[in-house]
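> Prediction below, plus the sequence it came from.
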Amino acid sequence: MTGRPEAVPLSPAWPDRAAWGTAPLLRAWQQAAMDRYAEASPRDFLTVATPGAGKTTFALTVAADLLGRRIVDRITVVAPTEHLKTQWAEAAARAGIPIDPTYAAGKGKTSQDYVGIAVTYAGVAVNPLAMRIRTERFKTLVILDEIHHAGDALSWGEGVREAFEPATRRLALTGTPFRSDVNPIPFVTYAPGDDGIPRSVADFTYGYAHALADHVVRPVLFMAYSGEMSWRTRAGDEVAARLGEPLTKDMHAQAMRTALDPSGSWIPSVLAAADKRLTEVRRHVPDAGGLVIASDQDSARSYAKLLRSLTGEAPTVVLSDEKAASKRISQFSESDKRWMVAVRMVSEGVDVPRLCVGVWATTTSTPLFFAQAVGRFVRARARGETASVFLPSVPHLLSYASEMEMQRDHVLGRRVTDEDDIFAAEKDLLAQANAGESASDELEMQWEALGSTASFDRVVFDGGEFGHSGEVHVGSEEEMDFLGIPGLLEPDQVRDLLHSRQSERARRQKASAAREPDTVAEITTHEQLGVLRRELNGLVAAWHHRTGQPHGVTHATLRKECGGPPAAVATAEQLHARITRIREWAMRQTS
């Protein structure tokens, strides 16, 4: 299979085909899916295709076919968000199929100029009976975009089933991995897997690996950044840890929040690195844009200020509860502005083809959301374009990055919880923040950022890791080896270049080890600070196990006796002094 578009043959069974627009040029996978659909002539059909592959074009071609052959005479599109309703209507208009994106279930009728409507899953759940009546009145094709949303809530699934059970045809689409759940998704077929657990069965699948080989999507480089974090807990404990090291769930959550705190050094350093990468990409792709995915509105505005100071250009800020959000996304898509900052607004289906660089600055970390977010960067416009996503160097995100090519089905058998999210306990409070409210005093009392630093860790590409052999200082020549990768490369060229950069880095490290001791010390200062911080944290942990004294109290006492700032920003001399002091405590206690 190749990625070269092929024309759709005009069927003689479409006597009024011109009424539904000109036959589009289809990619090879779209033509193959059309052939399978035509052969099966099914009532229900599930298509799983990677983000950016062109599910919308496929679905609208099916719709035009069915309309032209009088199999259906109305279209209903069900989408996850209000923005996507408009996006579907615009795409349908280009295909010559007028769809009303403003329709509401209680509205009843719509203009006779339309042959279809676009609604949301939430809207269907509000009044499924009204949607059912409309579905019964007409021979209807229902397009269920990102069908896994029908399993998000029991009421949504029940509403979809009640509303569209009478439909003549149902075409389900998804571009992201299904979740595990106890709720079966309406109109999806399940079959027992090897383990006996029912799994969804797709009628046509087109995965990321296949799309990459066909040059339908871009290769994605994941730029992972680590660093030292320091924070104070609700109990007053002062804690220091390295991002990505094995931590308890609570410590991991607090370390991530510290990294994403705009007043620290980690997020400004990563934004600066991402902007350097965007500059490099724009040498080859002049209109390339970047997207920062933020957790809440306050953070989004703070990141926008940091980007403005970096670039001299105010980024586009998209907040989910603003009426102008969809318009801002469209304006950014059509412009050549460098950056957009969004709060969970730019997820599945949102089409901004020029996005080439992303920054993961959100606490949401489920596999589903990761796939949705990364999907915004993979849409290929021209052969050779690459995408880069900057993220914290934490195990679960690195695992998702390594498994980009893995296919996942919807699995029945266990209830989904939000435990995969970093901040499950803070879900309601963060929801308030996303809605424009300030986080409560309770949330603020749980955590206080004291300081953070960033260091380049590794590149994850094609399931492999490159550059992971000691800390790399932000702004260093070694970091630029990876940030400076050209923006137009084929996947095999990216792989070869990364191997080359990895070999060159190893050669430089070997050469530096043979230099004079004072030169080596100068080169390894940043690494030495990390070693000292980890040694101090280990001694503090051991003191806690010996005495029961909280980590924060120990750190605070050491600072009081030895002087200096929190460990995350302390000098080597100050860290040495604290290490010596806590060892003295241990010796005195032993004697």
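Received, thanks. Numbering: from 1, shown residues only.
> make it CA atoms for all contacts and neighbour counts henceforth
OK.
> all helices of the stretch 301-450 of the chain, in order?
Under the criterion DSSP state H, counting those that start in this stretch, the stretch 301-450 of the chain carries helices at the ranges 325-334, 367-374, 395-402, 427-434, 441-446.
> Out of those helices, point me to the one whose mean pLDDT is lowest.
In terms of average pLDDT, helix 427-434 trails the rest of the helices of the stretch 301-450 of the chain, at a mean of 37.
> Give me the spatial nearest neighbour of Ala325, chain neighbours excluded.
Distances taken as Cα to Cα, 6 or more residues apart in numbering put Val318 closest to Ala325, at 5.4 Å, once the chain neighbours are dropped.
> Surely the one you found and Lys327 touch.
No - when contacts are counted by Cα atoms under 8 Å, Val318 is not listed as touching Lys327 (9.4 Å).
> Show me where the stretch 351-500 of the chain has its strands.
With DSSP state E, counting those that start in this stretch, the ranges of strands along the stretch 351-500 of the chain come out as 355-361, 387-392, 411-412, 447-452, 455-461, 464-466, 472-473.
> and the angle for the fifth one with helix 395-402?
Angle, strand 455-461 to helix 395-402, by axes from the mean of the first three to the mean of the last three Cα atoms, to 10 degrees: 30 degrees.
> strands paired with strand 455-461, and their directions?
Sheet pairing of strand 455-461 (DSSP bridges) gives strand 220-226 (antiparallel), strand 464-466 (antiparallel), strand 472-473 (antiparallel).
> List the buried residues in the longest one.
Pointing back at strand 220-226 there. Val220, Leu221, Phe222, Met223, Ala224, Tyr225, Ser226 (16 or more other Cα atoms under 10 Å).
> Any chance of a markdown table for those, columns distance to Asp145 and pLDDT?
Formatted as a markdown table, these follow (distance: Cα to Cα, whole Å; pLDDT from 0 to 100):
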| residue | distance to Asp145 | pLDDT |
| --- | --- | --- |
| Val220 | 24 | 94 |
| Leu221 | 28 | 95 |
| Phe222 | 28 | 95 |
| Met223 | 31 | 96 |
| Ala224 | 32 | 95 |
| Tyr225 | 34 | 95 |
| Ser226 | 37 | 93 |
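> want to try JSON lines for those, with distance to Arg581 as columns?
Below are the buried residues of strand 220-226 laid out as JSON lines (distance: Cα to Cα, whole Å):
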{"residue": "Val220", "distance to Arg581": "47"}
{"residue": "Leu221", "distance to Arg581": "44"}
{"residue": "Phe222", "distance to Arg581": "41"}
{"residue": "Met223", "distance to Arg581": "38"}
{"residue": "Ala224", "distance to Arg581": "35"}
{"residue": "Tyr225", "distance to Arg581": "31"}
{"residue": "Ser226", "distance to Arg581": "28"}
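> Report the contact partners of Thr176.
For Thr176, the contact set (Cα atoms under 8 Å, 6 or more residues apart in numbering) comprises Val48, Thr50, Pro51, Glu146, Glu348, Leu368, Ala371, Gln372.
> again, only using 6 Å
Neighbour list for Thr176: Ala371 [criterion: Cα atoms under 6 Å, 6 or more residues apart in numbering].
> Just confirm it is within a strand.
No - counting by DSSP: H, G, I helix; E, B strand; the rest coil, Thr176 is located in no strand; its state is coil.
> measure it to Ala288 for me?
According to Cα to Cα, to the nearest Å, Thr176 and Ala288 sit 24 Å apart.
> what does Arg559 give?
Arg559 sits 47 Å away from Ala288, going by Cα to Cα.
> Kindly report the same for Asp194.
Counting by Cα to Cα, the gap from Asp194 to Ala288 is 44 Å.
> Of the two, give the one with the bigger neighbour count.
Using other Cα atoms under 10 Å as the criterion, Asp194 and Ala288 rank with Ala288 on top: 26 against 8.
> That one: what's it in contact with?
Contacts of Ala288 by Cα under 6 Å, 6+ apart are Arg282, Arg354, Leu355, Cys356.
> Low-confidence bits of the stretch 101-250 of the chain, can you list those?
The stretch 101-250 of the chain contains residues with pLDDT under 70 at 105-108, 152-153, 177-182.
> where exactly do the strands run in it?
For the stretch 101-250 of the chain, the strands defined by DSSP E, counting those that start in this stretch cover 116-120, 140-144, 169-174, 180-181, 189-192, 198-201, 204-206, 220-226, 228-233, 238-242.
> Redo these as JSON lines? Include distance to Ser402.
Shown next, in JSON lines, are the strands of the stretch 101-250 of the chain (distance: least, Cα to Cα, whole Å):
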{"stretch": "strand 116-120", "distance to Ser402": "33"}
{"stretch": "strand 140-144", "distance to Ser402": "29"}
{"stretch": "strand 169-174", "distance to Ser402": "21"}
{"stretch": "strand 180-181", "distance to Ser402": "20"}
{"stretch": "strand 189-192", "distance to Ser402": "27"}
{"stretch": "strand 198-201", "distance to Ser402": "23"}
{"stretch": "strand 204-206", "distance to Ser402": "19"}
{"stretch": "strand 220-226", "distance to Ser402": "9"}
{"stretch": "strand 228-233", "distance to Ser402": "24"}
{"stretch": "strand 238-242", "distance to Ser402": "21"}
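> out of the ones you listed, nearest to Gly151?
Using Cα to Cα as the measure, strand 180-181 is the one of these that comes nearest Gly151, at 7.8 Å.
> Contacts for stretch 532-542 next, please.
Ile579.
> what's the residue closest to the geometric middle of this protein?
Computing the C-alpha centroid of the chain and ranking residues by Cα atoms, centre = their mean puts Ala373 first, at 2.6 Å.
> Just put the strands of the stretch 351-500 of the chain in CSV and tack on distance to Arg581.
CSV is the format used below for those (distance: least, Cα to Cα, whole Å):
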stretch, distance to Arg581
strand 355-361, 37
strand 387-392, 33
strand 411-412, 54
strand 447-452, 22
strand 455-461, 28
strand 464-466, 38
strand 472-473, 29
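> now for those, which one comes closest to Leu66?
Closest among those, using Cα to Cα: strand 411-412, at 31.3 Å.
> count of residues packed around Ala324?
When neighbours are counted by other Cα under 10 Å, Ala324 comes out with 11.
> Give me the phi and psi for it.
As for Ala324, its main-chain torsions (degrees, to the nearest 10) stand at phi -90, psi 10.
> and it, what does it touch?
With Cα under 6 Å, 6+ apart as the criterion, no residue contacts Ala324.
> Distance of it relative to Ile267?
Distance, Ala324 to Ile267, by Cα to Cα: 27 Å.
> For Ala33, which of the strands of the stretch 101-250 of the chain is the nearest?
strand 204-206 (6.3 Å).
> what packs against the closest one?
On a contact count with 3 or more Cα pairs under 6 Å, 6 or more residues apart in numbering; DSSP states H and E, strand 204-206 meets strand 44-49.
> And the next helix or strand past the strand it packs on?
Per DSSP states H and E, the first helix or strand lying C-terminal to strand 44-49 is helix 55-68.
> Any idea how far the helix or strand following that next one is from the middle of the chain?
On the C-terminal side of helix 55-68, the closest following helix or strand by DSSP H and E is strand 74-79. Strand 74-79 has its C-alpha centroid displaced from the chain centroid by 26 Å (Cα atoms, centre = their mean, to the nearest Å).
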